[in-house]
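Colleague: Quick one, what's the 3D model for this:
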Amino acid sequence: MILKLTDEPGAIDMAARIARKEMSPLEAVDAAIGRIEALDGPINAVVVRDFDRARDTARKLDGAAPHPGKPLFGVPMTIKESFDIAGLPTCWGHAEYVGNVAKRDSHVVRQLRHAGAIFLGKTNVPPDLADWQSTNPVYGRTANPHDLSRSPGGSSGGSAAAVASGMVPCEFGTDIGGSVRVPAHFCGVWGHKTSWGLVPKHGHDHPAMAGIDAHDGALSIAGPLARNADDLALLVERTATVPIRARPRDLKDLSFLLLLDWPGSPVDDAVRGVIDAAAAALEAAGARVVRTSAALPDLARQQRDYLKMLNVAMARGAPGPDGKRATASDWFDMLDAQTRCEFEWAELFLAHDFVLAPPAPVLAIPSREGRVFEGTVTINGKEESSGAALAWAGIATYPNLPSTVVPVGESGGLPCGMQVIGPKWADLDCIAAARAIGAVMGA
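Modeller: Below is the predicted model of the structure:
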């Protein structure tokens, strides 16, 4: 069973209703604001609100004919707090940066405005976007709408909670350690990790570097969250700067490699059971699912290399806990290892169309004090390294691959998603394959 908390329309559906004049942009915005005001108290997802400007924008669109180049005409949405919106604060969860007000829109915001979207505000994050919870001293804690005692994930946890609860039809987050995919999985929505470099993160800079126009950063990407595959595809297409296209294929013509075992990173039975059932349903629908492959890269080595690069990238080269700083030679060695891993995955995709894997080894975790990555996660009753749990995020992050999370079931009243990972730049193919899987699973 797929857990759904709302029957509110998605972004494309809402734009169609506006185009048919079943509702005006102002009515769509007012309805979304009403849902936020009614639902967000215990969830605390939309922490920066820009309702007056949203209404002003909607009034200007009322009575205007939707333009073919504006497929999101009049559609209200929110975005992760770390993206700049002119006139709104960007603090990344730090009290010392609450006065950091953006002077211009980020690339993603600008492109989505051009597509007709209306921004109602921004959603919650952990400090520095560095946890699988979304809590900080500025805006407090965001709760999972399926179970308020649990985390919606992070760092795009507010994004996923807003979409899952029906406050808004779509969102945009970022991902370096599962920060789009884990919240999608924890909250039962769709999410897409883009190929690295596909969607520029201009205007998504740490407030300590505000105005510097920093490099997009190794490993980190911008990607959408929604309640259906079509909305994901549209959001990717409207923000990408690299030409991409989908290759229509029938599910029965596809080969999937299912990964549920990773050296040193066990998967909880609650997740394994749901994904195993999804794989069985795909096989019954005529798809080819294999569980081993001689082409699979050395996963243990990949995890070591990923964590090393992740820690250096997140710290921007600052000294680590051991006091040592990575040298330029160290960084070039990391880039060389990453490139070799990319080539290995490219070889694997000559034998298999897509890889299926958990987005995380656990379902939505109970909220806790302190960062998840300073402790452990409970897997099958045992405490396991939270760093090891990152393997299922790094599987697509380290080789710069696209990955779509599709809801495939539930366990104990909590949703479960599955990653559909494909070759680099095959973003729309991943989303299309996830759409086909969702149709089989009733998502």
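Colleague: all strands for the stretch 101-250 of the chain, in order.
Modeller: Using DSSP state E, counting those that start in this stretch, the strands of the stretch 101-250 of the chain run over residues 118-123, 135-136, 140-141, 170-175, 190-193, 221-226.
Colleague: Of the ones you listed, which stretch is the most buried?
Modeller: strand 190-193 (a mean of 32; mean count of other C-beta atoms under 10 Å). For the C-beta atoms, the positions are set from N, CA and C on the backbone; glycine is no exception.
Colleague: Which of the strands of the stretch 101-250 of the chain sits closest to Leu251?
Modeller: Shortest distance between Leu251 and those, using C-beta to C-beta, is found for strand 190-193: 17.3 Å.
Colleague: which residues are contacting that closest one?
Modeller: 156, 160, 173, 175, 180-181, 183-185, 221, 223-229, 231-232, 235-236, 396-397, 401-407, 417, 427, 430-431, 434, 438, 443 (C-beta atoms under 8 Å, 6 or more residues apart in numbering).
Colleague: Just give me the residue right at the centre of the chain.
Modeller: Central residue of the chain (C-alpha atoms, centre = their mean): Val180, 1.7 Å from the mean position.
Colleague: now Ile176: how far from Ala161?
Modeller: From Ile176 across to Ala161, the span is 20 Å (C-beta to C-beta, to the nearest Å).
Colleague: Looking at the two, which one has more neighbours?
Modeller: When Ile176 and Ala161 are compared for neighbours, Ala161 comes out ahead with 34 against 23, by other C-beta atoms under 10 Å.
Colleague: show me the residues around the more buried one that make contact.
Modeller: Residues near Ala161 by C-beta under 8 Å, 6+ apart: Ile43, Ala45, Thr123, Ser134, Thr142, Ala143, Asn144, Pro145, Pro152, Pro183, Cys187.
Colleague: Sort out for me which of those are in helices.
Modeller: Ile43, Pro183, Cys187 (DSSP state H).
Colleague: What count of nearby residues applies to Leu350?
Modeller: 8.
Colleague: how about the nearest residue to Arg141, chain neighbours excluded?
Modeller: Nearest non-adjacent residue to Arg141, counting by C-beta to C-beta, 6 or more residues apart in numbering: Thr135, 3.8 Å away.
Colleague: so that neighbour touches Asn144, yeah?
Modeller: No: at 12.0 Å, Thr135 and Asn144 do not qualify as touching, with contact defined as C-beta atoms under 8 Å.
Colleague: The closest residue to Ala285 other than its chain neighbours is in what secondary structure piece?
Modeller: Residue nearest to Ala285 in three dimensions, not counting chain neighbours: Val440, with 5.0 Å by C-beta to C-beta, 6+ apart. Assigned by DSSP states H and E, Val440 belongs to helix 427-441.
Colleague: quick one: buried residues of that helix?
Modeller: For helix 427-441, a neighbour-count test (16 or more other C-beta atoms under 10 Å) marks 427-438, 440-441 as buried.
Colleague: Redo those residues as CSV? Include pLDDT and distance to Ile365.
Modeller: CSV is the format used below for these (pLDDT from 0 to 100; distance: C-beta to C-beta, whole Å):
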residue, pLDDT, distance to Ile365
Asp427, 98, 28
Leu428, 98, 32
Asp429, 98, 31
Cys430, 98, 26
Ile431, 98, 27
Ala432, 98, 31
Ala433, 98, 28
Ala434, 98, 24
Arg435, 98, 28
Ala436, 98, 30
Ile437, 98, 25
Gly438, 98, 24
Val440, 98, 28
Met441, 97, 23
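Colleague: Nearest to Arg104 among those residues?
Modeller: Closest approach between these and Arg104, by C-beta to C-beta: Asp427, at 26.5 Å.
Colleague: isn't the closest one right up against Val236?
Modeller: Yes: with contact defined as C-beta under 8 Å, Asp427 reaches Val236; the gap is 5.6 Å.
Colleague: Residues that sit against both of the two, list them.
Modeller: With contacts taken as C-beta under 8 Å, 6+ apart, Asp427 and Val236 have His192, Thr194, Leu198, Ile244 as neighbours in common.
Colleague: So for Gly99, what's the pLDDT?
Modeller: pLDDT, Gly99: 95.
Colleague: re the thing from before, my understanding was that the residue nearest to the centre of the chain contacts Gly173; is that so?
Modeller: Yes: with contact defined as C-beta under 8 Å, Val180 reaches Gly173; the gap is 4.6 Å.
Colleague: which regions of the stretch 151-300 of the chain sit below the pLDDT cut-off?
Modeller: Where the stretch 151-300 of the chain drops to pLDDT under 70, the residues are 210-216.
Colleague: show me where it has helices.
Modeller: 157-164, 181-187, 229-239, 269-284, 299-315 (DSSP state H, counting those that start in this stretch).
Colleague: Isn't the residue nearest to Ala285 up against Glu283?
Modeller: No: between Val440 and Glu283 there is no contact, the gap being 10.1 Å when judged by C-beta under 8 Å.
Colleague: where are the low-confidence patches of the stretch 1-150 of the chain?
Modeller: Those would be none, if you go by pLDDT under 70 across the stretch 1-150 of the chain.
Colleague: what about 90?
Modeller: Applying pLDDT under 90 to the stretch 1-150 of the chain flags the ranges 63-68.
Colleague: Next one: the nearest residue to Arg227 once chain neighbours are set aside from Ile43, what distance?
Modeller: Leaving aside its sequence neighbours, Arg227 sits nearest to Gly10 (C-beta to C-beta, 6+ apart; 5.2 Å). Computed as C-beta to C-beta, the Gly10 to Ile43 distance reads 20 Å.
Colleague: Check the secondary structure at the residue of the chain positioned farthest from its centre for me.
Modeller: Here the chain reaches farthest from its C-alpha mean at Gly63, the gap being 34.3 Å by C-alpha atoms, centre = their mean. Here Gly63 is recorded as coil under DSSP: H, G, I helix; E, B strand; the rest coil.
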